[in-house]
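1. The sequence and its predicted three-dimensional model are supplied below.
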Amino acid sequence: MTLRFVTAAALTATLFIAGCNAEKPETPATLPTSIATTSETGFTAPDEAWRTVDPENMIVIDTKYGDIAIELYPEIAPNHVAQIKALARSGFYDNVPFHRVIDGFMNQTGDGSNGDGTGDSDLPNIDAEFTFRRGADMPFTLITAEQVGEGEIGIGFYKALPIASQSTAQASLTEDNKVNAFGLHCKGVTSMARTSDPNSANSQFFLMRAQAEHLDTQYTIWGNTVMGYEHLDKPIVGTIGQIPDWVPDRMNEVEVAADMEEDERPIVQVLKTDSPAFNNWLKSQKNEDGTYPNICNLPVPTRVL
């Protein structure tokens, strides 16, 4: 079986949104000064400013360090989300190791057949969903803009997911009234492993431990961590087959939250990124010079009820 990999080499992701005009941000972004360590910030906001994550579109990964909850985005990667949920519901991901863990990069797992990165599930491979079309039903909270060729691309949030997107104004110029967008590989984002064939994703996936821009538009993002962000750095670093007697950490159990017993199911809420409360929080995150940090240093506040 072909090894499924996530490249750690510094590649250049192809930005497909050249020559577009982005919505103007309040101030330009700066380079990050540190990697954020938690998304559960304890930020106080009115109840109406919080969005409850749909349990049907959330998986909970039980690890020895604690639970990690991931919000799924079927509107961004419908085929990948459907496969992840089907495999979780079949028990395929239970007791599966983090077979390749690279410090400052990612935790790779999901090989429920061989456990070493060479196995697939019995389900068919999935075609790439590296990018998506964003319509009016997917509001975009702009943080900043970056120069791409002779134009700009907007950087901001869809729900709690960091994305890059064409300007909403561009939608009126397209046949489907939508614009191009793609997720950003920030810490906490979950994405699908594959072979050199872009359409070869199957069961293996990875949880980002840090930002990796070179993966953007090269791997399919399907989720984002909304609980247990502090556990992302804890899986033991190493790779099966490379370190003698190395014992990896495991996903003890992976469940779709909707399938869990009600008294065990976490109720996770995320600060609405289109709310006044989010704007207040965002202002509190500015650098001393008045600019915003890199978007990967702005994990959206969450809370667990």
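-> Okay, I see it.
2. Over to the residue positioned nearest the centre of the chain: give its phi and psi.
-> For the chain, the residue nearest the mean C-alpha position is Val189 (2.2 Å; CA atoms, centre = their mean). Here is the backbone geometry of Val189 (degrees, to the nearest 10): phi -70, psi 140.
3. That one against Gly223, yeah?
-> Yes - contact criterion CB atoms under 8 Å: Val189 and Gly223 qualify, at 7.4 Å. (C-beta placed from N, C-alpha, C; glycine too.)
4. and Glu26, what pLDDT?
-> On the pLDDT scale, Glu26 is placed at 33.
5. Begin at 375, not 1, for the rest of this chat.
-> Will do, 375 is the new start, and the previous item becomes Glu400.
6. now the helices: where do they sit in the stretch 525-674 of the chain?
-> 650-658 (DSSP state H, counting those that start in this stretch).
7. got the contact list for Asp464?
-> Check again: residue 464 is Ser, not Asp. Ser464 makes no contacts at all, as judged by CB atoms under 8 Å, 6 or more residues apart in numbering.
8. Next one: it, what pLDDT does it get?
-> The model's pLDDT for Ser464 equals 98.
9. In space, what's closest to the residue nearest to the centre of the chain - neighbours in sequence excluded?
-> Nearest in space to Val563, with sequence neighbours left out and distances taken as CB to CB, 6 or more residues apart in numbering, is Met582 at 4.8 Å.
10. wait, what's in contact with that neighbour?
-> 479-480, 559-565, 606.
11. export the residues you listed to CSV and tack on distance to Ser574 and pLDDT?
-> Shown next, in CSV, are those (distance: CB to CB, whole Å; pLDDT from 0 to 100):
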residue, distance to Ser574, pLDDT
Phe479, 21, 98
Met480, 18, 98
His559, 18, 98
Cys560, 24, 98
Lys561, 25, 98
Gly562, 25, 98
Val563, 20, 98
Thr564, 18, 98
Ser565, 14, 98
Leu606, 25, 98
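12. Dump these to CSV, plus distance to Glu422.
-> Putting those into CSV (distance: CB to CB, whole Å) gives the following:
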residue, distance to Glu422
Phe479, 38
Met480, 35
His559, 32
Cys560, 27
Lys561, 28
Gly562, 25
Val563, 27
Thr564, 28
Ser565, 32
Leu606, 29
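13. from those, which is closest to Ala543?
-> Ranked by distance to Ala543 (CB to CB), the contacts of Met582 are led by Cys560 at 25.5 Å.
14. And for the closest residue to the closest one other than its chain neighbours, the neighbour number?
-> Of all residues not flanking Cys560 in the chain, Cys670 sits nearest, at 3.6 Å (CB to CB, 6+ apart). Using other CB atoms under 10 Å, Cys670 has 21 other residues around it.
15. Look up the pLDDT of Cys670 for me, please.
-> Reported pLDDT at Cys670 in the predicted model: 97.
16. follow-up on the earlier one: out of the contacts of Met582, name the ones that lie in strands.
-> 480, 563-565 (DSSP state E).
17. List just the nearest of these to Asp623.
-> For those, the nearest to Asp623 is Met480 (13.7 Å; CB to CB).
18. How about the contacts made by that closest one?
-> Met480 sits next to 380, 580-584, 586 when contact means CB under 8 Å, 6+ apart.
19. Could you check how far it is from Asp494?
-> 19 Å (CB to CB, to the nearest Å).
20. quick revisit: which two in the contacts of Met480 are spaced the farthest apart?
-> Between all members of these, the farthest pair (by CB to CB) comes out as Val380 and Ala584, at 12.7 Å.
21. of these two, who's got more company?
-> Neighbour count, other CB under 10 Å: between Val380 and Ala584, Val380 has more, with 23 against 19.
22. Tell me if I'm right that that one and Phe580 touch.
-> Yes - Val380 is within contact range of Phe580, at 5.3 Å (criterion: CB under 8 Å).
23. which residues do the two both contact?
-> 480, 482, 565, 567.
24. burial measure for Gln521, as a count.
-> The criterion is other CB under 10 Å. On that basis, Gln521 has 9 neighbouring residues.
25. Just list whatever residues bridge to it.
-> With DSSP bridges applied, Gln521 shows beta-bridge pairing to Glu526.
26. From Arg639, how far off is it?
-> Counting by CB to CB - Gln521 and Arg639 are separated by 44 Å.
27. Alright, I will stop here.
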